[in-house]
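Chemist: Take this sequence and fold it.
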Amino acid sequence: MKSSTLLVILVLQTVLVMGIFAAVAKENAAVGENKGNRETNGGKLKCCTNCNFSFSGLYTCDDVVKKCDPVCKVCSAVKTPAGKRFQCTDTFLGVCGPPCKKH
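Modeler: Numbering: from 1, shown residues only. Predicted coordinates for the structure are as follows:
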């Protein structure tokens, strides 16, 4: 009787600890290393010349372009000497796209 009660208590504690670790891991993945956008974009940009890659497997693209990629969820306006441009502020999983070609 005592050993079965002890076993049940140990199993419940293990489940509780695993739940806590899972919640912390999920929160850390959501925060990532982004620039204000809390969600990670699961898509992939067509191209990115100025890629900031981190060891966590997340990256951001610092390209300033005339029009944001359709995959981009949060596109910020940037003032440049050439006029108004845009920058995607999403954080992406995986690797950067190929470098962009200049037209």
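Chemist: what ranges do the strands span in this structure?
Modeler: Along the chain, the segments classed as strands by DSSP state E run 40-41, 51-53, 58-61, 75-80, 83-88, 91-93.
Chemist: can I get the ones you listed in a markdown table with distance to K102, mean pLDDT and mean neighbour count?
Modeler: For every residue, glycine as well, the C-beta is placed using N, CA and C. Below are the strands of the chain laid out as a markdown table (distance: least, C-beta to C-beta, whole Å; pLDDT from 0 to 100; neighbours: other C-beta atoms under 10 Å):
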| stretch | distance to K102 | mean pLDDT | mean neighbour count |
| --- | --- | --- | --- |
| strand 40-41 | 25 | 80 | 19 |
| strand 51-53 | 16 | 88 | 16 |
| strand 58-61 | 16 | 89 | 22 |
| strand 75-80 | 15 | 93 | 12 |
| strand 83-88 | 14 | 93 | 16 |
| strand 91-93 | 22 | 87 | 22 |
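Chemist: so which of these comes closest to T5?
Modeler: Across the strands of the chain, T5 has its closest neighbour in strand 40-41 (43.2 Å, C-beta to C-beta).
Chemist: Redo the strands of the chain as a markdown table? Include distance to S3.
Modeler: Formatted as a markdown table, those follow (distance: least, C-beta to C-beta, whole Å):
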| stretch | distance to S3 |
| --- | --- |
| strand 40-41 | 45 |
| strand 51-53 | 52 |
| strand 58-61 | 46 |
| strand 75-80 | 61 |
| strand 83-88 | 58 |
| strand 91-93 | 46 |
